[in-house]
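Trainee: pasted the sequence and its predicted model underneath.
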Amino acid sequence: MIDAKENQIDDANLFLRFIRLKLTLKGLDQLLLWLLDTLTTIDLSSNRFSGSIPPSLGNLNTLRFLNLSRNTLGGHIPSSLGRMSLLESLDLSSNKLDGEIPSGLARLTFLAKLNLSMNNLEGQIPQSTQLSTFGNESYVGNVGLCGFPLTKKCEGSDGKPVFPQD
């Protein structure tokens, strides 16, 4: 999966092309014989996973759908996810992720669905035509986030929201 075009057929990787993997999609069992060419979805949601998201996930350049939602993943969103150029859907919602949204996510031009809600993210949402197409629902529950498309403006020099004082 890391590089399906370079790892196609050579003696060392020949066995990888014939891994027998049974996948259940919408109640139908399907046997996948061409794992490197056909596995485009990873859904590890609701598994009580903890720790941080491995930066090596960014090397899976044939992946189109990644769902790690509803776990207890912490730490920062790896900037390497910005290298997943074919990614169409990214759901990291309902975890304990913190820090800023990596600016590299703005390079994901195929991204049609983004859900970063219900984390501890902060700072300004990276300004790009791609990330600005998602509404508030993609970012809700991150009280430290600010900037378009949210209604909370970033006013501080560090890009973090400035809250009104009583």
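Mentor: Done, it's in.
Trainee: report the separation between the residue most central in space within the chain and P78.
Mentor: The centre of the chain sits closest to L90, judged by C-alpha atoms, centre = their mean, with a distance of 3.9 Å. To P78, L90 is 12 Å away according to C-beta to C-beta, to the nearest Å. For the C-beta atoms, the positions are set from N, CA and C on the backbone; glycine is no exception.
Trainee: do the same with S85
Mentor: 15 Å.
Trainee: quick one, which of these two is more surrounded?
Mentor: P78 (17 against 13; other C-beta atoms under 10 Å).
Trainee: grab the nearest non-local neighbour of that one.
Mentor: P55 (4.1 Å; C-beta to C-beta, 6 or more residues apart in numbering).
Trainee: for G141, same thing?
Mentor: M118 (3.8 Å).
Trainee: now do H76, the pLDDT please.
Mentor: Listed pLDDT for H76 reads 97.
Trainee: my read: it touches N95, true?
Mentor: No: H76 is not in contact with N95 according to C-beta atoms under 8 Å; the separation is 11.5 Å.
Trainee: contacting residues for F110?
Mentor: 64, 85-88 (C-beta atoms under 8 Å, 6 or more residues apart in numbering).
Trainee: cool, thanks, talk later.
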